[in-house]
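>>> Turn this into a model:
(2 chains)
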Amino acid sequence: MQRLFRLSALLAALLLILAACSSNTGGSSPSGSAASSGDPTAVCAADKFGCVKVASGDKIEIATALTITGSTSSLGLDSVTGVQVAIKDRGQVAGHDVDLKSTDAGCSNAQDGQTDAQSLVADPQIVAVIGTSCSRTAVPAMPVLAAQGYLMISPSNTAPSLTDPSSKDFGGPFYMRTAYNDKVQGAAVAKFACEVLTVKTAATIHDGSPYAQQLQQVFADQFKSQCGGTITAQEAIHVGDKDFHPVLTTIGAAKPEALFFPIFDPEAPLIVQQSRDIPGLANTKLISADGAKDDTFISSAGPLAQSLGMYFSGPDLNFGSTYTDKFLPEYKQIAGKDPTSVYHAHAYDAANIIFDAIEHVGLKDSSGTLYIPRTALKDYARGVKDYKGLTGTLTCDPNGDCGASFVSIAQLKPDASGKLAFQQVYTTRSAS
Amino acid sequence: MRFRLPQRFNLVSTILWGLRIVVAVLVLAGSWATLSSGKLTPDAWRELIVFGIAQGSVYGLIALGYTLVYGVLFMINFAHGDVFMTGAMTAFFVARNFGESGFINANPIVALLIIFAVSMLTSMLVAIVLERIAYRPLRRAPRLVPLITAIGASLFISNSIRGIYGEQSQSYPSVTALQGRLDLFGIPILKTQALVIASAIVLMIALVYFVERTRTGRAMRAVSEDKDVAALMGINVDRIIVTTFAVGGLLAGAAGVLYALVFNEVDWFMGFLPGIKAFTAAVLGGIGNIAGAMVGGLTLGVLESVGPFLLLGGANVPSPNQLRDVIAFTVLVLVLIFRPNGILGRSEPGR
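Numbering: from 1, shown residues only, chains lettered A, B, ... in the order given. Predicted coordinates:
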C-alpha cells in the first residue's frame, strides 16, 4: 500500500515537472497582446519606483489585502471572489497568466492593515494590490505601500477622508477606489430617511472607525441641512464590546424616530437585538449600512431585522445583464454560493483596471520579459476616464474617487427559495 | 480608617490630597451638570443601574475564580477568561440542538439546567486540567513563572477553541420564557437580567456556605493561610488546590451561559475582555477576598453603565459612552491609589 502511494506520488511529481516544462516552452512565443514598445531599461531607470520584471512564462502576481478571517470575512471574501472572476474572465494579461496572492488585512484593527502592507511590499513581484475592505485598515496601509510605489485600488473603502487631500487619512497618489464616496451614501440615506420614512428626529452610532464616523457625520449634516431634521444623539461604541444597553438607553431617552448605525458585525446585530430591550427605541426605525450588509448579519439577527423592517444602505446592484447573466453564474461557480456581501463587482472592476494598466504600460524586451513600471502603472490607473466597468462608467477624479455605482436601500425579505436576502426598496439611480 | 492630618506635609501626601480634591470636584461637577440638565428620566437612570448590576454580576462570578485561586496560590490565573469562554462555547452546541428541536421553549427550566450543567462541567474540567498541566509543575517556581504560563495557557485554550469550533461567532437560540420584562417590586426588569442577578446571588451564597461551613472549605482557608502548616495538619494540599480551580471553573461556566443568554452570541474570543474586566473587578474589590470579588464586579458594572453619561453627559462631551473603559479604568487607578488593597481588601503584612 505504502509503496503504491510512493509510486503514485513520484509519478505525480514527474507529471508536474513535465507540465511545467511544456508550459515554459509554450509561453516563450511572443504574444500578440504585448504592450507598447520602447526600451525597457531606460524606462525602468527613469521610473522612480522601477519596474516589476515578469520573465517569459512566469505569472504576473497581484495581491488582495481584504478581510478574509473573522466576523467581517463575508465582506472581504466576497471581494476576493470578484477578483477571481476577473482573472478567469481575462485569461492572460500581456501574454502572462495572473496569479492571485490573497492576504488578510483585517478590518477591526487598524494595525492589521499596516502589518499586511509590510508583508506585501516585502514581495517585489506584486504588481498592484486590491484592498482594503475597511477604511480603517487602508489608512495605515497606504503610506507603507506608497513608499514602495505599490498601487492599491479598494473595492469597498468608502470613508470620505481617504480621498480628501486636506485630511491626514488621505490615501495619496497610489490610492484609488471603485466604491462610491460616503458623501454620496450619507446624503442618500438622509434623503431616504426624511423623504420616504418622513422622520424628523434621528440618532446615530459609530464605532470610531473612519468609515462609520464619517458616514454618520455626513448623514447627520445632510439630515439637518437638507430636511431640517433634528439629530438627538451621535453616540459611539467600542469594537469588541457586547453590552450596548447603556448607550442605547441614553439614546432612547430622546425617543428618536430613526437610528442610523453604519457599523460592522458582530456589533451591528447585537445593537439590533439589544435595541428591543429599550422602551424608548420601540418604534424607532433602524438603518444600517454596507458594512453590515452581509451573510454574517443575516445569520446573527436576520429574522429579527426582518420583523422590524430594518433598512440597509449599500451600492445599487442592478448593474445590468452582464452582471446577472455572466458575472453572477461565474461567481457562483467559483465561490460555490451566492454573493455574501455587496462589493464583488467593484473588486472585479478594480482588477480589470489593473490588467488594462499592465497591458498599456508594460514593456517587453527581446527575450520576452515583461517590464511593468510602477509609476506609469499608477498614472494610467488613476487617469481612467469613461471606463466601461461592470459597476458603471468609471472616471477617476484627481483624488482617486472612481466609483460610479448608485446607492440603494434594502430590506431583508425571503427570496424565491425562502431564504432571507437583501432586497432593494429604494435607489438613487434615476429610472431611465 | 482614621483620618488625621499627616504629621508633616511632604510632597507626595500634598499631591495625593490635591488629587483627591480635584477628583471629588470633577465628579460632583460632572454629575451635577448631567443631573440638572434632565437629559435622562429617572426611569432611564434606573434602567442604567439595573443593566450595570446585571453586567456586574457576570464580572463578579468570573472575578470569584481569580480571587479564589489568588487566595490559595497567590498567582493570577490569566487563563480564567478562557475557562469562561470554553464553557459557553461547548454549551452552545447543546443549546442549538435544544433550540432546533423546540425543547428549549417546551421545557425551558430543564433545558436551561442542562445547558448550565454542560457549561459548568466543561469549564470545571478545563480548569482542573489547566491546573494539573500548566500550574502544578511550577508550584515551587518563582511567582513570575506561573504568570507567564497562564498567559500561554490562555492563548492555547482560546486558539484551540478557535480551531475546533471555528472563528465565526455563533448565536444562542432565544428562549421565549426569558423574553419580555418581569415586574419586581414595581420595577420592570428584563427577564434575562433577572436570571443573571438571581443566579449570581444563589451561586454567591452557595460559595460562601462552601468556604465557611464545610470541611473542604475550612481546609481551603487553611491552605490559604499557610500551605506547609496545612500539610502538616494532614490536609492534602494538592487536592484542595484542584478543588479551588474546580469551584472557580464551575462559577465561570455558569457566568458563560448567563453571558450568552444576555448577548445571544458566543465566539472564541469572548473570554478576553470579560476576563480582563473581571480581573479588574477582583483587584477593585480586594483580590483574595470573596465578597470583594462580587462587590468589585458590581461596582465595575455600574460604573461602566452609569459612569460615562453621569460624568460627561452634562458637559456635552460628544459620544460619552465611547469613553466607558477610560472611566472604568480611571476609577480602578484611583481606588488603587487611595486603597492599594482594594475596596474590601486588608493589608497583608509581610507580603
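>>> separation between the residue nearest to B:P188 when sequence neighbours are not counted and B:V50?
Nearest residue to B:P188, sequence neighbours excluded (C-beta to C-beta, 6 or more residues apart in numbering or on different chains): B:R181, at 4.3 Å. (C-beta placed from N, C-alpha, C; glycine too.) Going from B:R181 to B:V50 by C-beta to C-beta, to the nearest Å gives 11 Å.
>>> about what we covered before: got a list of what the residue nearest to B:P188 touches?
B:188-191 (C-beta atoms under 8 Å, 6 or more residues apart in numbering or on different chains).
>>> list residues touching both of B:R181 and B:V50?
Residues touching both B:R181 and B:V50 by C-beta under 8 Å, 6+ apart: B:189-190.
>>> element containing the residue of the stretch 301-432 of chain A found nearest chain B?
Residue nearest to chain B within the stretch 301-432 of chain A: A:A301 (7.9 Å; C-beta to the nearest C-beta). Counting by DSSP states H and E, the element that carries A:A301 is helix A:295-308.
>>> can you check A:I205 too?
Per DSSP H and E: strand A:201-206 holds A:I205.
>>> Check which element follows that strand along the chain.
According to DSSP H and E, the helix or strand after strand A:201-206 is helix A:210-227.
>>> Stretch A:270-286 close to chain B?
Yes - using C-beta under 8 Å from any C-beta of the partner chain, stretch A:270-286 reaches chain B at A:270, A:273-274, A:277-280.
>>> Nearest to the middle of chain B, which residue? Look it up for me.
In chain B, the residue lying closest to the centroid (C-alpha atoms, centre = their mean) is B:Y59, at 2.5 Å.
>>> From what I see, A:A159 and A:Q185 are in contact.
No - between A:A159 and A:Q185 there is no contact, the gap being 10.4 Å when judged by C-beta atoms under 8 Å.
>>> Could you name every residue contacting both of those two?
A:L215.
>>> So which of those two has more stuff around it?
A:A159 (29 against 26; other C-beta atoms under 10 Å in any protein chain shown).
>>> List the contacts of that one.
A:135, A:138, A:169, A:182, A:209-211, A:214-215.
>>> Show me which pair in those is furthest apart.
A:A138 and A:L215 (14.6 Å; C-beta to C-beta).
>>> What distance do you get for A:P262 to A:I271?
11 Å.
>>> Might one say that B:N77 is in contact with B:L64?
No - shown here, B:N77 and B:L64 do not form a contact pair, counting by C-beta under 8 Å, at 11.7 Å.
>>> who touches both of those two?
Common neighbours of B:N77 and B:L64 (C-beta under 8 Å, 6+ apart) are B:G248.
>>> Okay, and A:Q234 sits in which element?
strand A:230-236.
>>> helices or strands next to that strand in the packing?
strand A:201-206, helix A:210-227, helix A:245-252 (3 or more C-beta pairs under 8 Å, 6 or more residues apart in numbering or on different chains; DSSP states H and E).
>>> Now tabulate these in a markdown table and tack on mean pLDDT and distance to chain B.
Formatted as a markdown table, those follow (pLDDT from 0 to 100; distance: least, C-beta to the nearest C-beta, whole Å):
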| stretch | mean pLDDT | distance to chain B |
| --- | --- | --- |
| strand A:201-206 | 93 | 8 |
| helix A:210-227 | 91 | 9 |
| helix A:245-252 | 89 | 4 |
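>>> Now mean neighbour count too, for those, in a markdown table please.
Formatted as a markdown table, those follow (neighbours: other C-beta atoms under 10 Å in any protein chain shown):
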| stretch | mean neighbour count |
| --- | --- |
| strand A:201-206 | 25 |
| helix A:210-227 | 22 |
| helix A:245-252 | 26 |
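>>> Quick one: the ones you listed as JSON lines, columns for distance to A:G392 too.
What follows is the helices and strands packed on strand A:230-236, written out as JSON lines (distance: least, C-beta to C-beta, whole Å):
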{"stretch": "strand A:201-206", "distance to A:G392": "28"}
{"stretch": "helix A:210-227", "distance to A:G392": "21"}
{"stretch": "helix A:245-252", "distance to A:G392": "36"}
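>>> looking at the ones you listed, which is closest to A:D325?
helix A:210-227 (32.1 Å).
>>> quick one on the thing from earlier: got the phi and psi for the residue nearest to B:P188?
Dihedral pair for B:R181: phi -120, psi 160, per degrees, to the nearest 10.
>>> now do A:F406
phi -90, psi 170.
>>> and the stretch 51-200 of chain B, which residues reach chain A?
So far as C-beta under 8 Å from any C-beta goes, the stretch 51-200 of chain B lies against chain A at B:51-52, B:55, B:167-169, B:171, B:190.
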